[in-house]
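*Asks:* Sharing a model prediction with you, sequence too.
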Amino acid sequence: MTKFMLKCFGITALLLFGVLFGIQKAHFEMNELKGASNKESIESMNDSFSPENEDVDKTSSHDIQAKQETLNKIDSFNVFSALGQKLTSWISSAFSVMISVLGIIIQEMLDVFSP
């Protein structure tokens, strides 16, 4: 019995370590995708930007506001997101029902066996 418990504990510890390692790796990769590690290089590029090219590359605030308004008006429907929300609510309600039924069964068993 102790060998079984030690094996289970070892496997559980190994899986927990793997999950924590995966979360850390995903966090690092997300920061790298966002460009958080390249802030220094972006600042150095902005410092080396010459003032003569600034007036050529400027966009008007009217264009940006129009694009922002169109983005706000677009209300896209994501099928997978809606399906995921419904599936999550179904699973959540199913587990809550299972837990309440299990609680009732345990309570009835305790009532039967209690003196």
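*Replies:* Thanks, I have it.

*Asks:* got the buried residues for the helix or strand containing F28?
*Replies:* Following DSSP states H and E, one finds F28 within helix 2-34. For helix 2-34, the neighbour count (16 or more other Cβ atoms under 10 Å) marks no residue as buried. Using the backbone N, CA and C atoms, a C-beta is placed for each residue, glycine as well.

*Asks:* can you give me how far it is from the chain middle?
*Replies:* 17 Å (Cα atoms, centre = their mean, to the nearest Å).

*Asks:* domains in the protein, as residue ranges please.
*Replies:* 1-48, 84-115 (automatic domain parsing).

*Asks:* For stretch 34-41, what does the pLDDT average out to?
*Replies:* Stretch 34-41 shows a mean pLDDT of 62.

*Asks:* hmm, back to that, JSON lines for the domains of the chain, including distance to N78?
*Replies:* Output for the domains of the chain, formatted as JSON lines (distance: least, Cβ to Cβ, whole Å):
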{"stretch": "domain 1-48", "distance to N78": "21"}
{"stretch": "domain 84-115", "distance to N78": "9"}
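
*Asks:* Out of those domains, the one nearest Q68 is which?
*Replies:* domain 1-48 (21.4 Å; Cβ to Cβ).

*Asks:* circling back: quick one, which of the domains of the chain gets closest to L71.
*Replies:* It is, among those and with distance given as Cβ to Cβ, domain 1-48, at 20.2 Å.

*Asks:* for the closest one, the distance to its chain's centre please.
*Replies:* On Cα atoms, centre = their mean, the centre of domain 1-48 falls 14 Å from the chain's centre.

*Asks:* Appreciated, that's everything.
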